[in-house]
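Q: Fold the following for me, if possible:
(chains A and B)
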Protein chains: 2
Amino acid sequence: MTNPRADRVRDVAKLATRAARNRRRQFLAEGPQAVREALRLDADRRAEGGAPIVVELYASESCLSRHPEIAHLAEATGRLRLADDDVLAAMADTVNPQGIVSVCTMLDVPLSAVLAEQPRLLAVMCRVQDPGNAGTILRAADSAGASAVVLTAGSVDIYNPKAVRSTAGSIFHVPVVIGVDPAAFAAEARGAGLKILAADGAGPLDLDGLQDASAARRAGGEGTAGDYRLEDPTAWLFGNEAQGLSQAEKDLADHRVAVPLYGRAESLNVGTAATVCLYASARSQRR
Amino acid sequence: MTNPRADRVRDVAKLATRAARNRRRQFLAEGPQAVREALRLDADRRAEGGAPIVVELYASESCLSRHPEIAHLAEATGRLRLADDDVLAAMADTVNPQGIVSVCTMLDVPLSAVLAEQPRLLAVMCRVQDPGNAGTILRAADSAGASAVVLTAGSVDIYNPKAVRSTAGSIFHVPVVIGVDPAAFAAEARGAGLKILAADGAGPLDLDGLQDASAARRAGGEGTAGDYRLEDPTAWLFGNEAQGLSQAEKDLADHRVAVPLYGRAESLNVGTAATVCLYASARSQRR
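A: Residues are numbered from 1 along each chain as shown, chains lettered A, B, ... in the order given. So this is what the prediction gives:
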């Protein structure tokens, strides 16, 4: 493909808007890392006889020669079309898509499907607004081995190109549930045996206390932090950047837990708080 | 002030550029949270007979009436000038400065001044490029109670308005050292009794192992992770977003330490890695 003004190029570029994404149930993955992870998931799905993930795929010859593993996966899809750099730039949301762009089918799954798998650790974003924060939290959840990521209604669109970029491929690793009502989530998650924790700087429980109790239990002691144990299957609620969790969201939790602030910062960035909470849970659940 | 095209307004707005900031040794703080922390530091410095931090201060009447504590601090400086919203918008880097903008003198200190205070925990950014990442890491370092934050030569300008915003006021809490040569830093820091750790996904030491050893020592055991103890005074090196730490930077460290990846993510965002490392150190040093 050589014409950056072709209809097909414009159709791909339109996926930068939420309206087009929702109408077509498709989104953009750009750059070698994201597209490679999309292609790996696509190969797994096709091996299981499932529907494809990568429905369109455009790359430059130079990108494919720099990334032979991607070239191999790309050819196996039968959907690869070679494209000039200016075509790729016209398709992509970034100035420099690094030679490869794919159109993917949306990946989100129903909450019931996640809960049926007896998840041990969920990250729930409650009205997180910044696409970079949402993508970073999804990536941190993947790093911490979370079972799934949930976004409540009113959160940023996780298929926003900036959010997808910030996941660095993790959107193709971790099941995602979107548009969830917080109260319905809490009821269903609790029914599936999960404890619900609100990350709340003003919370009466302290994450360090929970970690100490967990470490004491590992060392054969009793551990003394009430009825909740950090080893328990847990869903963490993380709030909006400006306002944190609303009172209604906090009221849904079994416990409100503060991440300790050792210095003079008044509060944590939501991505920082989520990272500390998810890693604390992962460590306790896995030691 | 009512004229958004006045020379003084233009002079403030020019601080969005690095050249103007470096020439005048000044930077912008925008919004109530950042300006309040600037004013608190300014009051502390003036009480000690030091030079002012807030050299110019512009706010709308409605902002001051919404934030009486800021109004009180602002009036005490003798530098407050009332300004219309369109004047404030023309001064600020953000579309919406929320009614208050200040011009501050640069805060960075020499490395020798930081090391003279016998620091226990330093965060060192090695060529971190994104202003949002740099600001977020500074804020996380403040949250974890780090003694100071160091940026090596070739890092993003921490006085970039987006970086300052991302610190959420923490730039006025934590001493910052900029433009440092990594080798000189390592030699001086080691001379001051600090161990130097490289956050490196391929590192032979594992942060969980260090934390287990630290917990075992607290419980009265030996702890078995070689000669390094997470309780020791420590400087963490964090690398560039795309390339991580260079070989030369890694070679400066006493140990290379990996943050565990429990899921399928290939690597951590630098802000996520820094958060996990700094909180692990803070927790071990303070329990």
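
Q: Do me a favour and get the backbone dihedrals for A:Ser62.
A: phi -70, psi -40 (degrees, to the nearest 10).

Q: how far away is it from A:Glu75?
A: According to CB to CB, to the nearest Å, A:Ser62 stands 16 Å off from A:Glu75. No exception for glycine: its C-beta is placed from N, CA and C like everyone else's.

Q: repeat for A:Ala92
A: Distance from A:Ala92 to A:Glu75, counting by CB to CB: 21 Å.

Q: higher neighbour count, these two?
A: A:Ala92 (24 against 12; other CB atoms under 10 Å in any protein chain shown).

Q: residues touching that one, list them.
A: Counting by CB atoms under 8 Å, 6 or more residues apart in numbering or on different chains, A:Ala92 touches A:13, A:28, A:30, A:101, A:161.

Q: tell me which of those is nearest to chain B?
A: The nearest member of those to chain B, counting by CB to the nearest CB, is A:Glu30 at 15.1 Å.

Q: Spatially nearest residue to the residue in the stretch 51-200 of chain A positioned nearest to chain B (excluding sequence neighbours)?
A: Closest to chain B within the stretch 51-200 of chain A is A:Gly145: 3.0 Å, counting by CB to the nearest CB. Once flanking residues are discounted, A:Gly145 sits nearest to B:Tyr262: 3.0 Å by CB to CB, 6 or more residues apart in numbering or on different chains.

Q: what's the pLDDT at the one you found?
A: Per-residue confidence (pLDDT) for B:Tyr262: 95.

Q: correct me, but it touches A:Ala141?
A: No: between B:Tyr262 and A:Ala141 there is no contact under CB atoms under 8 Å: 10.1 Å.

Q: Between these two, which has more neighbouring residues?
A: Taking neighbours as other CB under 10 Å, B:Tyr262 and A:Ala141 compare with A:Ala141 leading, 32 against 18.

Q: Report the contact partners of the spatially closest residue to the more buried one that is not a sequence neighbour.
A: Nearest in space to A:Ala141, with sequence neighbours left out and distances taken as CB to CB, 6+ apart, is A:Ala123 at 4.1 Å. Applying CB under 8 Å, 6+ apart, one finds that A:Ala123 lies in contact with A:137-138, A:140-141, A:146, A:148-150, A:235-236, A:238, A:274, A:278.

Q: So which of those are in helices?
A: Under the assignment DSSP state H, those contribute A:137-138, A:140-141, A:274, A:278 to helices.

Q: Would you point out the most distant pair within those residues?
A: The most widely separated members of these, counting by CB to CB, are A:Leu138 and A:Leu278 (10.9 Å).

Q: what stretches of chain A score poorly on pLDDT?
A: By pLDDT under 70, the weakly predicted segments of chain A are A:221-226.

Q: quick one: the helices in it?
A: A:7-13, A:18-24, A:32-47, A:61-66, A:68-77, A:85-91, A:111-116, A:131-143, A:161-167, A:182-191, A:207-218, A:247-251, A:270-286.

Q: Pick the most buried one from the ones you listed.
A: helix A:131-143 (a mean of 27; mean count of other CB atoms under 10 Å in any protein chain shown).

Q: That one: how far from the chain's middle?
A: Computed by CA atoms, centre = their mean, to the nearest Å, the chain-centroid distance of helix A:131-143 equals 5 Å.

Q: packing partners for it?
A: Judged by 3 or more CB pairs under 8 Å, 6 or more residues apart in numbering or on different chains; DSSP states H and E, the packing partners of helix A:131-143 are strand A:121-125, strand A:148-152, helix A:161-167, helix A:270-286, helix B:270-286.

Q: Mind doing that once more with 7 Å?
A: Helices and strands touching helix A:131-143, by 3 or more CB pairs under 7 Å, 6 or more residues apart in numbering or on different chains; DSSP states H and E, are strand A:121-125, helix A:161-167, helix A:270-286, helix B:270-286.

Q: now for the ones you listed, which one comes closest to A:Arg18?
A: The nearest among the helices and strands packed on helix A:131-143, by CB to CB, is helix A:161-167 at 10.5 Å.

Q: Could you double-check that A:Arg21 lies in contact with A:Lys14?
A: No: the pair A:Arg21 and A:Lys14 does not pass the contact test of CB atoms under 7 Å, sitting 8.7 Å apart.

Q: how many neighbours does A:Lys195 have?
A: For A:Lys195, the count of nearby residues is 18 (other CB under 10 Å).

Q: I meant A:Asp181, not that one.
A: Residues near A:Asp181, counting by other CB under 10 Å: 13.

Q: I figured it hits A:Ser155, correct?
A: No: counting by CB under 7 Å, A:Asp181 does not reach A:Ser155; the two are 11.9 Å apart.

Q: quick one, what contacts A:Gly263?
A: B:142-146, B:173-174 (CB atoms under 7 Å, 6 or more residues apart in numbering or on different chains).

Q: Could you pick out the residues of the stretch 151-287 of chain A near chain B for me?
A: A:170, A:173-174, A:208, A:215, A:219, A:261-265, A:268-269, A:271-272, A:275-276, A:279, A:282-283, A:286 (CB under 7 Å from any CB of the partner chain).

Q: just the stretch 1-150 of chain A next, same as before
A: A:136, A:139-140, A:142-146.

Q: Would you mind measuring from the residue most central in space within chain A to A:Gly271?
A: Using CA atoms, centre = their mean, the residue of chain A that lies closest to the mean C-alpha position is A:Leu138, 2.8 Å off. For A:Leu138, the distance to A:Gly271 equals 10 Å [CB to CB].

Q: and what of A:Lys14?
A: 29 Å.

Q: Would you confirm that A:Gly154 contacts A:Cys126?
A: No: the criterion here is CB under 7 Å, and A:Gly154 misses it with A:Cys126 at 8.3 Å.

Q: Compare the two (neighbour count), which wins?
A: A:Cys126 (28 against 13).

Q: correct me, but the more buried one touches A:Pro182?
A: Yes: counting by CB under 7 Å, A:Cys126 does reach A:Pro182; the two are 6.2 Å apart.

Q: contacting residues for A:Cys63?
A: Counting by CB under 7 Å, 6+ apart, A:Cys63 makes contact with A:32, A:98-100.

Q: out of those residues, who has the most neighbours?
A: A:Ile100 leads the contacts of A:Cys63 on contacts (other CB under 10 Å) with 30 neighbours.

Q: Tell me the spatial nearest neighbour of it, not counting adjacent residues.
A: A:Ala59 (4.2 Å).

Q: Specify the residue ranges that define each domain of chain A.
A: A:7-105, A:111-286 (automatic domain parsing).

Q: now the shortest one, how far from the centre of its chain.
A: Relative to the chain's own centre, domain A:7-105 is displaced by 19 Å; criterion: CA atoms, centre = their mean.

Q: same thing with the last one?
A: Here domain A:111-286 shows a centroid-to-chain-centroid distance of 12 Å under the convention CA atoms, centre = their mean.

Q: Report the separation between the two terminal residues of it.
A: Its first and final residues considered, domain A:111-286 spans 24 Å by CA to CA, to the nearest Å.

Q: How about the shortest one?
A: Taking CA to CA, the first and last residues of domain A:7-105 lie 20 Å apart.
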